[in-house]
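S.K.: Everything below, folded, please.
(one chain, ligands or ions: 1)
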Amino acid sequence: MRVIETGLPGAVIMETDVFEDERGFFTESYNEESFAKLGITHHFIQDNHSYSASAGTLRGLHYQLQPKAQTKLVRVLTGAIYDVFVDLRKDSPTYGQWAAVILTSRNFRQVLIPRGFAHGFWTLVPHTEVLYKVDEVYSKEHDRGILWNDPALGIPWPGTKPVLSEKDKVHPVLANAEFDF
Ligand SMILES: Cc1cn([C@H]2C[C@H](O)[C@@H](COP(=O)(O)OP(=O)(O)O[C@H]3O[C@H](C)C(=O)[C@H](O)[C@H]3O)O2)c(=O)[nH]c1=O
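M.R.: Residues are numbered from 1 along each chain as shown. I've put the predicted structure just below:
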């Protein structure tokens, strides 16, 4: 298993070992002990699974306020995503910076996104399913977002007209967002 730094402290890309044979493949997508050896010792308490029918669906950029902030361990079961995470931690040397990684069902990459980050993704193919672990439960009251195409972030999304939820059309830009990390 390999860990790849993203340049944003605490956010890392994991590549798990894959065993292929004539039937297909096997990989341990999560192993508490081997992940802990790489510093991932979070106590994940919830699995999230989303399906997006269309390519060009954008979910994000979301986060939960304290004390319901979540660490996320994100992977793709089917399809492919352009995954983006933004550092909202005021005392971080990379505050306001973002990083992106392409996760697919066949590159066996996952991304660990610490508490204090906004997260979102753009689906690159139809029928994309994303599965991610979180270490804090969902709380509608603490759910917040920043605008996906905030000019101050300048995220080079794969397109300009995504499929969006009504909620994701009206988030504030980073400069006007509420967060407490
Ligand atoms: C996140 C979540 C949502 N819900 C309910 C709330 C809504 O009735 C429905 C859809 O929620 P939402 O539109 O917020 O789903 P996404 O747009 O995929 O949100 C996710 O998008 C980005 C990629 C994230 O990183 C977050 O985990 C999450 O905010 O599921 C739950 O019941 N539990 C949950 O944990």
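S.K.: Going by C-alpha atoms from here, please, whenever you check contacts or count neighbours.
M.R.: Noted.
S.K.: Strands of the protein, residue ranges please.
M.R.: Along the chain, counting by DSSP state E, strands occupy 2-5, 12-15, 18-21, 24-27, 46-52, 58-64, 72-78, 80-87, 98-104, 109-113, 117-123, 128-134, 143-145.
S.K.: Which residues outside the longest helix seen in the chain are in contact with it?
M.R.: Longest helix in the chain, counting residues (DSSP state H): helix 32-37. Contact partners of helix 32-37, identified using Cα atoms under 8 Å, 6 or more residues apart in numbering, comprise residue 41.
S.K.: Model confidence at residue 158, what's the number?
M.R.: Per-residue pLDDT puts residue 158 at 98.
S.K.: isn't it right next to residue 125, touching?
M.R.: No. At 11.4 Å, residue 158 does not count as touching residue 125 under the criterion of Cα atoms under 8 Å.
S.K.: So between these two, which is more surrounded?
M.R.: residue 125 (17 against 13; other Cα atoms under 10 Å).
S.K.: so how far is stretch 95-102 off the chain centroid?
M.R.: Averaging C-alpha positions (Cα atoms, centre = their mean, to the nearest Å) puts stretch 95-102 10 Å from its chain's average.
S.K.: Repeat that for stretch 152-163.
M.R.: That offset, for stretch 152-163, works out to 16 Å (Cα atoms, centre = their mean).
S.K.: what's the answer for stretch 19-31, then?
M.R.: With Cα atoms, centre = their mean, you get 23 Å for stretch 19-31.
S.K.: and what of stretch 167-178?
M.R.: Computed by Cα atoms, centre = their mean, the chain-centroid distance of stretch 167-178 equals 18 Å.
S.K.: Just the CA atoms of that stretch, as CSV, please.
M.R.: C-alpha atoms of stretch 167-178 as CSV (Å, rounded to 0.1, in the frame of the first residue of the first chain):
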residue,chain,number,x,y,z
LYS,A,167,-28.6,23.6,-2.5
ASP,A,168,-25.3,23.4,-4.4
LYS,A,169,-26.3,26.3,-6.7
VAL,A,170,-26.4,28.8,-3.8
HIS,A,171,-23.6,28.2,-1.4
PRO,A,172,-21.6,31.3,-0.4
VAL,A,173,-18.1,31.9,-1.8
LEU,A,174,-15.3,31.1,0.6
ALA,A,175,-14.9,34.7,1.7
ASN,A,176,-18.5,34.8,2.9
ALA,A,177,-18.7,31.2,4.3
GLU,A,178,-19.3,30.2,7.9
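S.K.: Going by neighbour count, which residues in that stretch are buried?
M.R.: Of the residues in stretch 167-178, 168, 171-174 count as buried by neighbour count, 16 or more other Cα atoms under 10 Å.
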